[in-house]
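>>> Return a 3D structure for these sequence lines:
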Amino acid sequence: KERSGGFLQNLQQALSLWTPLNTPWSRVERDLSQAVLPYLEQQGCPLERCALLGFCWGAWLVCHACSAWPDFCCAAMAH
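Numbering: from 1, shown residues only. A predicted model of the protein is given here:
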């Protein structure tokens with residue numbers, strides 16, 4: 001039976017799954033400040049009414065976001 005791809009190809013695909021975990025905070029902060037938070041404001045949801053929830057890598061993001069924007073009403077994380 002012929003296999004599609006080899007070990008190296010499978011390894012490269014597996015490593016690409018980790019790329020989002022290597023996203024630098026500066027990029028996440030830019031996305032939050034330029035896209036996510038303005039969108040929420042437009043929808044009538046000010047930061048004081050927004051909460052954050054993060055799991056695993058998201059817990060890291062929640063910690064940084066709460067430091068950058070302390071007006072979030074609530075934050076919860078699990079790691």
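>>> Show the end-to-end separation of stretch 49-64, please.
18 Å (CA to CA, to the nearest Å).
>>> Any stretches of this structure with poor pLDDT?
1-5, 11-22 (pLDDT under 70).
>>> where do the strands sit along it?
51-55, 74-78 (DSSP state E).
>>> Dump these to a markdown table, plus distance to residue 66.
Every residue, glycine included, has its C-beta placed from N, CA and C. Below are those laid out as a markdown table (distance: least, CB to CB, whole Å):
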| stretch | distance to residue 66 |
| --- | --- |
| strand 51-55 | 7 |
| strand 74-78 | 5 |
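>>> what number of residues lie near residue 66?
16 (other CB atoms under 10 Å).
>>> ok, now which ones touch the closest residue to it other than its chain neighbours?
Once flanking residues are discounted, residue 66 sits nearest to residue 75: 5.0 Å by CB to CB, 6 or more residues apart in numbering. Contact partners of residue 75, counting by CB atoms under 8 Å, 6 or more residues apart in numbering, are 51, 52, 53, 54, 62, 65, 66.
>>> Export these as JSON lines, with columns for distance to residue 30.
As requested, these are exported to JSON lines (distance: CB to CB, whole Å):
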{"residue": "51", "distance to residue 30": "21"}
{"residue": "52", "distance to residue 30": "17"}
{"residue": "53", "distance to residue 30": "21"}
{"residue": "54", "distance to residue 30": "18"}
{"residue": "62", "distance to residue 30": "17"}
{"residue": "65", "distance to residue 30": "12"}
{"residue": "66", "distance to residue 30": "17"}
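>>> Among those residues, which one lies nearest to residue 27?
residue 65 (13.0 Å; CB to CB).
>>> ranges for the helices of the chain?
7-16, 25-31, 37-42, 57-68 (DSSP state H).
>>> Could you dump these into a markdown table with distance to residue 79 added?
Shown next, in a markdown table, are the helices of the chain (distance: least, CB to CB, whole Å):
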| stretch | distance to residue 79 |
| --- | --- |
| helix 7-16 | 22 |
| helix 25-31 | 16 |
| helix 37-42 | 24 |
| helix 57-68 | 4 |
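>>> Alright, I will stop here.
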